[in-house]
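Chemist: Sharing a model that was predicted from the sequence below.
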Amino acid sequence: MQRIAKLDNNNASEETVALLDAVKKQLGLVPALVQTMAQSPATLKTYLAMMDTLSKGVLTSKLGEQISIAVGGANGCNYCASAHTAIGRKLGLSNEELEQNLLGKSSDPKTNAALHFVRKIVATRAKLTNEDLSNIRAAGFSEEEIIELLAHTVLNIFTNYFNHIADTEVDFPLVETAHAETV
């Protein structure tokens with residue numbers, strides 16, 4: 001049972017209902033995370049704005065999902081691992097790749113470097129070394145891409161922590177993260 005309830009639309013402001021309707025139009029459903037986050041319209045607006053803005057960045061949507069899965073795995077967030085695995089499948093990522101992403105790995109060398117980097121951000125609380133930055137640059141990432149890797153990581157840490165606190169009901173096919181938490 002969730003520890004923070006999903007917002008009852010009957011108690012929602014017109015503005016919040018409009019936000020939830022926009023999510024439903026885009027995704028075909030309102031995920032439990034969004035319905036719960038709607039308890040705070042300011043938080044929901046911030047989350048949706050950051051998601052929208054990052055979707056227009058230089059990193060691909062596939063890599064964004066892979067980052068979400070890797071960070072969710074590192075933080076033991078079954079909700080995010082489940083949701084982003086489902087989205088990753090829709091984007092054409094194979095089950096084998098998604099399983100590796102949960103562990104912070106990829107069959108693609110550049111993606112592998114990115115996932116290692118973001119899991120290092122999580123593990124060190126962003127106290128990276130000069131070598132860490134040299135390695136991600138050597139893998140072919142620009143300064144802009146490195147900053148977006150950080151932004152994606154931070155957004156996912158927020159949703160991971162939100163789900164831990166709210167104990168958000170997983171409304172996607174369940175992906176367990178227990179074996180993925182070690183960085």
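Modeler: Looks like it came in fine.

Chemist: residues in contact with the most centrally placed residue in the chain?
Modeler: By C-alpha atoms, centre = their mean, the chain has its centre lying nearest to residue 68, at 3.2 Å. For residue 68, the contacting residues are 80, 83, 84, 152, 156, by C-beta atoms under 8 Å, 6 or more residues apart in numbering. Bear in mind the C-beta positions are built from the backbone N, C-alpha and C, glycine included.

Chemist: Which ones among those lie within strands?
Modeler: Among the contacts of residue 68, DSSP state E puts none in strands.

Chemist: which of those has the most neighbours?
Modeler: residue 84 (30 neighbours; other C-beta atoms under 10 Å).

Chemist: And the contacts of the worst-scoring helix or strand of the chain on mean pLDDT?
Modeler: One helix or strand of the chain scores below all others by mean pLDDT, DSSP states H and E: helix 14-27, with a mean of 95. In this structure, residues lying in contact with helix 14-27 by C-beta under 8 Å, 6+ apart are 7, 9, 12, 30, 31, 34, 35, 38, 41, 44, 45, 48.

Chemist: Can you name the residues that contact the fifth one?
Modeler: Counting by C-beta under 8 Å, 6+ apart, residue 31 touches 23, 83, 171, 172.

Chemist: before we move on, back to that, tell me which of the contacts of residue 68 is nearest to residue 123?
Modeler: residue 156 (13.9 Å; C-beta to C-beta).

Chemist: And residue 64, its phi and psi?
Modeler: Dihedral pair for residue 64: phi -60, psi -40, per degrees, to the nearest 10.

Chemist: circling back: which of the contacts of residue 31 fall within helices?
Modeler: 23, 83 (DSSP state H).

Chemist: Look up how far residue 155 lies from the closest residue to residue 105 other than its chain neighbours.
Modeler: With sequence-adjacent residues excluded and distances taken as C-beta to C-beta, 6 or more residues apart in numbering, residue 105 is closest to residue 112, at 5.8 Å. Residue 112 sits 21 Å away from residue 155, taking C-beta to C-beta, to the nearest Å as the criterion.

Chemist: before we move on, what about residue 122?
Modeler: Counting by C-beta to C-beta, the gap from residue 122 to residue 155 is 12 Å.

Chemist: try residue 25
Modeler: 22 Å.
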